[in-house]
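# Please work out how this folds:
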Amino acid sequence: MNAAPMQEERLLQVILAPIISEKATMLADKQEQVIFRVAPDATKPEIRAAVELLFKVEVKDVQVTRVKGKNKRFGRFFGRRPDWKKAYVCLKPGQELNFAAGE
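Numbers count the residues shown, from 1 in each chain. Coordinates of the predicted model:
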């Protein structure tokens, strides 16, 4: 996939944050998968291209899931947190993602 300048700008906005949790750490160790919070309108090819562009790794597969927002109560008022999207990115064997590297 060849990234044009305008498309490259879009790819930089696709990945919002890595998800660091016990489950995410276990997946990263055993199955070479990394979990990201992504833009709600992001597609699998966009997520793949964004990860490859930002972290200089090869992506094997991308799985996407929508997370429903929780119902919350603010005093006597009820509200709802927004729905969001997360992506499970499976890296090719031998690839490693390091968030601490500032290169």
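# tell me which residues of the host helix or strand of residue 46 are tucked away?
Assigned by DSSP states H and E, residue 46 falls within helix 44-55. The neighbour-count check on helix 44-55 (16 or more other CB atoms under 10 Å) flags 46, 47, 48, 49, 50, 51, 52, 53, 55 as buried. Where you see a C-beta, it was placed from the backbone N, CA and C, and this is true even at glycine.
# Return the member of those residues nearest to residue 8.
residue 53 (7.0 Å; CB to CB).
# Could you count how many residues lie near the residue lying closest to that closest one once chain neighbours are set aside?
Nearest non-adjacent residue to residue 53, counting by CB to CB, 6 or more residues apart in numbering: residue 11, 5.5 Å away. Other residues lying near residue 11 total 20 when counted by other CB atoms under 10 Å.
# now swap in the one 10 residues further on and tell me
In terms of burial, residue 21 registers 10 neighbours under the definition other CB under 10 Å.
# Also residue 91?
Neighbours of residue 91 under the rule other CB under 10 Å: 20.
# And the pLDDT at it?
Confidence at residue 91, expressed as pLDDT, is 92.
# so it touches residue 55, yeah?
No - with contact defined as CB atoms under 8 Å, residue 91 does not count as touching residue 55 (9.2 Å).
# Mind listing the shared neighbours of those two?
residue 97 (CB atoms under 8 Å, 6 or more residues apart in numbering).
# Tell me which stretches of the protein form helices.
5-14, 22-31, 44-55 (DSSP state H).
# for this protein, where's the lowest mean pLDDT among helices and strands?
Using mean pLDDT, DSSP states H and E, the weakest-scoring helix or strand in the chain turns out to be helix 5-14, at a mean of 84.
# Which residues in that one does the neighbour count mark as buried?
Neighbour-count burial for helix 5-14 flags 11, 14 (criterion: 16+ other CB under 10 Å).
# How about the contacts made by the spatially most distant residue from the centre of the chain?
The centre of the chain is farthest from one residue, residue 76, which by CA atoms, centre = their mean lies 34.9 Å away. By CB under 8 Å, 6+ apart, residue 76 lies in contact with nothing.
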